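Trainee: Just to be clear, the model below is a prediction. Sequence and coordinates:
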Amino acid sequence: MDARIAKLKLWACFLVILLHVSAGQASTWGEGWWAAHIFESFTRICVPVFLMISGALLLKKVEPLSIFLKKRFVRVFPPLIFWTVFYVAWLWYCRVDISNWLIESLTAPAMYHLWYLYAIIGLYALTPILRLYYKIGSMPEKLWGVTLWIFVSSIWPLASIMQNPQTCIPITLPSTASLYHVSTFSGYFGFLLLGAILSDIKISAKIGAIMFVSGAAATSIATYWHSTMVGSPCQTFYDYLSPLVIFSAIGFFCYFMSTNPHPPTKRIASAAECTLGIYCLHVLIIGGIFPAFGLSATGINTWFMAPAISMAAFLLSLIVVYLMRLTAFGRYIT
């Protein structure tokens, strides 16, 4: 494993937790809104970074299709099945109706954060095609592809929304996209291509840091402006496909990838291998265990409590998942 990728995984995983801890306060005006809003603005890069990591690791590999599909099947479906059952059991314990859970799990995740495991299935299915494109395409052709994706999936939809800034809707393709038959360039697949390209292009750590901070700050300003126009907190500019989030994610990714490849320490490598399990487990901790002990980020205390709770949840999840991975079964599901 590359130390740069290992550190990116760990930071992205922590940012996911901080995002989820802050999300409730960011959805309504109140004492804790500004703190949650700032945290949300700086953490929305987490999913794009995870997908860019996948692109950097997978698109440049050469292996038979059967081998790739076998590896991805083992990587995705055991965790998806286990954690679905795990959270269904938790919902049952919380007296939530789960009578149709088996059918419903085919069309929606049992817990909100498990959407990522569903999404990655489709992205993995597309990966062999992206591999071929990345292998035979010249750099201008690769940049053309990712530029089309950013314009169609991000800039164009946001521009359409901003024609009526009093509305609050997620970033989705405008109806005119079908007229030009450009819907092929929509979705999250571009993050895979972007990650592979950026792993081949050296951008200095200084430029990466400036892009990350300025992009996150611009997200904060744009979200506040849009929310005042709507009259209530609006998360359009938080969207993973927001141009500002993509810009910030590129900077964050390039900051860590600016150095030469080198092996991680044993501790960093072991921790990075736990990130999928941490991602799957942490919602139980921040949504079930911690609140039972009165640990939550609310009001003015959000400035301190959100990072503190996030770090505690990250470390506790890391310990549990590390112990789980000492067994063969634990490694399959994390």
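Mentor: Arrived safely. Residues are numbered from 1 along each chain as shown.
Trainee: Name the SS class of L173, please.
Mentor: Classification of L173 by DSSP: H, G, I helix; E, B strand; the rest coil places it in coil.
Trainee: Pull up the gap between it and T219, please.
Mentor: Per C-beta to C-beta, to the nearest Å, L173 is found 21 Å from T219. To be clear about C-beta, it is placed using only N, CA and C from the backbone, and glycine gets the same treatment.
Trainee: Counting neighbours, go ahead and name the busier of those two.
Mentor: When L173 is set against T219 and neighbours are counted by other C-beta atoms under 10 Å, the residue ahead is T219, at 26 against 17.
Trainee: What's the per-residue pLDDT of the more buried one here?
Mentor: Note on T219: pLDDT of 98.
Trainee: With the one 4 residues further on instead?
Mentor: Residue-level confidence at T223 comes out at 97, pLDDT.
Trainee: Excluding covalently adjacent residues, which one is nearest to it?
Mentor: Nearest residue to T223, sequence neighbours excluded (C-beta to C-beta, 6 or more residues apart in numbering): F237, at 4.4 Å.
Trainee: Same check on I38?
Mentor: Per C-beta to C-beta, 6+ apart, closest to I38 is S220, 6.1 Å.
Trainee: same for the helix or strand that contains the one you found, what does it pack against?
Mentor: In the assignment (DSSP states H and E), S220 maps to helix 205-230. Contacts defined by 3 or more C-beta pairs under 8 Å, 6 or more residues apart in numbering; DSSP states H and E place helix 205-230 against helix 33-43, helix 243-257.
Trainee: quick one, that helix and helix 243-257 angle?
Mentor: Angle between the axes of helix 205-230 and helix 243-257 is 160 degrees (criterion: axes from the mean of the first three to the mean of the last three C-alpha atoms, to 10 degrees).
Trainee: which residue is nearest the centroid of this structure?
Mentor: V47 (1.2 Å; C-alpha atoms, centre = their mean).
Trainee: how would you label that one: helix, strand or coil?
Mentor: Put simply, V47 is helix when judged by three-state DSSP.
Trainee: swap in the one 5 residues further on?
Mentor: The three-state assignment at M52 reads helix, by three-state DSSP.
Trainee: Was I right to think it contacts L198?
Mentor: Yes - using C-beta atoms under 8 Å, M52 makes contact with L198 at a distance of 6.9 Å.
Trainee: Which one of the two is surrounded by more residues?
Mentor: Taking neighbours as other C-beta under 10 Å, M52 and L198 compare with M52 leading, 30 against 20.
Trainee: pLDDT score assigned to the more buried one?
Mentor: 98.
Trainee: With P243 instead?
Mentor: pLDDT recorded at P243 is 97.
Trainee: and it, what does it touch?
Mentor: Residues in contact with P243 (C-beta atoms under 8 Å, 6 or more residues apart in numbering) are 150, 154-155, 158.
Trainee: For T28, state which of these is nearest.
Mentor: Nearest to T28 out of these is L158 (C-beta to C-beta; 23.5 Å).
Trainee: how about the nearest residue to the closest one, chain neighbours excluded?
Mentor: Per C-beta to C-beta, 6+ apart, closest to L158 is I171, 5.8 Å.
Trainee: And that neighbour, how close does it get to L117?
Mentor: As judged by C-beta to C-beta, I171 and L117 stand 22 Å apart.
Trainee: With W101 instead?
Mentor: Distance from W101 to L117, by C-beta to C-beta: 16 Å.
Trainee: tell me which residues of the helix or strand of the chain with the lowest mean pLDDT are tucked away?
Mentor: Lowest by mean pLDDT, DSSP states H and E among the helices and strands of the chain is helix 176-179, with a mean of 80. Across helix 176-179, burial judged by 16 or more other C-beta atoms under 10 Å covers A177.
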